[in-house]
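Engineer: Here's a sequence, model it:
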Amino acid sequence: MFVEQKEELRKIVFDMEEVLGAIDAVLTEKDPRRALELMDDLRDHVDGYGKITFGGRADFHWGDFPTALDTHDRWRQGLQADGLLEPYIAMGDKLQKALLAHTTAHPLTEKGDFLQATLEYDPTTLNVTNLSVKSGKPPERETEIKASGHVRMARSLDEWVPRKMNPTDYTIENVWWNIMRYVIEERYPDPDFD
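Structural biologist: Numbering: from 1, shown residues only. Modelled structure (predicted):
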């Protein structure tokens, strides 16, 4: 969410730069006819009332972003206090490398193909004891496991992916995020969630 919000703000800055460039070109132009032609560069930035606007379509409400930051801080502080930040990061790195290696050797090729990871770990140290990755067609997919020290999750290759993102990379990210989120939520549950 944070990246998307920053991208919206970046688009506004680009729009402002375009407008400033067009205005500067008009102001420095000596030929009035040419200056009038240069005014056309502003048309995309002028609303129905003849006003230059920026960010009219941007969403400045960041929804649950403050709550997500609070959750992230709570998780990080818990991991640091328990001396588990490094093992948690190492777990994530190991999982991501395994997912990437598997999809490189066994590419997901058709909509509906799944990517599944099974992670076994010591809940007190977060050290990985067993990690396996598989992929295939839907009938081969195993049931999810969500238990302390043992997680199995899968996601399917889908046609819907965020713009500019490779569908396989998106599937890898989903498997990785869901497993890592489960591990940390299991250890540090939300105190406000019943």
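Engineer: Report the contact partners of Met91.
Structural biologist: 119, 121, 126-128, 180, 183 (Cβ atoms under 8 Å, 6 or more residues apart in numbering). Where you see a C-beta, it was placed from the backbone N, CA and C, and this is true even at glycine.
Engineer: Show me which of the residues you listed is closest to Glu142.
Structural biologist: Nearest to Glu142 out of the contacts of Met91 is Leu119 (Cβ to Cβ; 13.2 Å).
Engineer: gap between the closest residue to Thr71 other than its chain neighbours and Ala68?
Structural biologist: Leaving out its chain neighbours, the residue that sits closest to Thr71 by Cβ to Cβ, 6 or more residues apart in numbering is Asp190, at 6.9 Å. Separation of Asp190 from Ala68 (Cβ to Cβ, to the nearest Å): 11 Å.
Engineer: Mind giving me the packing neighbours of the lowest-mean-pLDDT helix or strand in the chain?
Structural biologist: Each helix and strand of the chain was given a mean pLDDT (mean pLDDT, DSSP states H and E); the minimum falls on helix 32-39 at a mean of 78. Applying 3 or more Cβ pairs under 8 Å, 6 or more residues apart in numbering; DSSP states H and E, one finds that helix 32-39 contacts helix 2-28.
Engineer: average pLDDT for the helix it packs on?
Structural biologist: Mean pLDDT, computed over helix 2-28, is 81.
Engineer: Buried residues in that helix, which are they?
Structural biologist: Neighbour-count burial for helix 2-28, counted by 16 or more other Cβ atoms under 10 Å, picks out 5, 12, 15, 19, 22-23, 25-26.
Engineer: rewinding a little: list the contacts of the least confident helix or strand of the chain.
Structural biologist: 22, 25-26, 29.
Engineer: that older thread, burial count for the residue nearest to Thr71?
Structural biologist: Applying other Cβ atoms under 10 Å, we find 12 residues neighbouring Asp190.
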